[in-house]
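Asks: Okay, sequence plus prediction incoming.
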Amino acid sequence: MITVRLCRMCDIISPKKNDELISMNMIFIDENGNLMHGIIRKNPVNRFKDKLSEGFVFIIKNFKIVETIRGYRPVENSLKIILFASTAIKNLSEDTIEIHINCFQFINPDMIDSRVNNNTVLSGLYLYINSYQSRL
């Protein structure tokens, strides 16, 4: 069980397949200010669409934590939370727990060059994805 705030979420679609939904990606913030990448695969997405809203705090039960083996992580954390159809989500009221609304991971400008052609962690792209819907 984890308690987190949903900071950002976006649908990942495939333009090669008529904009078919691939998954819903999320960024969570926990009570310690840690950012975590979350994902719901295509089939159970509809079960959660009406339950999840950016900015709200949730208790999540029955999920899986996996190491991200491919690149393109939206946060530095190498662990990813996968939600299933059997995952339970409970919305908490704001005064129950304090979790930051947003969290940012700034990097030293000297690190920018080291991230060119390195697809491990996305740099400054998630806001673009969130605003314009990603296309794979």
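Replies: Done, it's in.

Asks: What are the boundaries of the helices in this structure?
Replies: Assigned helices in the chain, in chain order: 45-49, 126-132 (criterion: DSSP state H).

Asks: okay, residue 100: pLDDT?
Replies: Residue 100 carries a pLDDT value of 67.

Asks: er, residue 43 I mean
Replies: pLDDT, residue 43: 93.

Asks: measure it to residue 52 for me?
Replies: To residue 52, residue 43 is 16 Å away according to Cβ to Cβ, to the nearest Å. For glycine as for every other residue, the C-beta is placed from the backbone atoms N, C-alpha and C.

Asks: Name the residue in those two with the higher neighbour count.
Replies: Per other Cβ atoms under 10 Å, whichever of residue 43 and residue 52 has more neighbours is residue 52, with 19 against 11.

Asks: In this structure that one contacts residue 25, no?
Replies: No: counting by Cβ atoms under 8 Å, residue 52 does not reach residue 25; the two are 11.6 Å apart.

Asks: Does residue 40 touch residue 21 like I think?
Replies: No: here residue 40 does not reach residue 21: they are 10.0 Å apart, not a contact under Cβ under 8 Å.

Asks: higher neighbour count, those two?
Replies: Higher neighbour count among residue 40 and residue 21: residue 40, with 25 against 15, using other Cβ under 10 Å.

Asks: And the more buried one, how close does it get to residue 53?
Replies: Counting by Cβ to Cβ - residue 40 and residue 53 are separated by 14 Å.

Asks: Repeat that for residue 84.
Replies: Counting by Cβ to Cβ, the gap from residue 84 to residue 53 is 20 Å.

Asks: beta partners for residue 26?
Replies: residue 9, residue 38 (DSSP bridges).

Asks: Thought residue 6 was touching it, still the case?
Replies: Yes: contact criterion Cβ under 8 Å: residue 26 and residue 6 qualify, at 5.8 Å.

Asks: Now for those two: what residues contact both?
Replies: Common neighbours of residue 26 and residue 6, using Cβ atoms under 8 Å, 6 or more residues apart in numbering, are residue 52.
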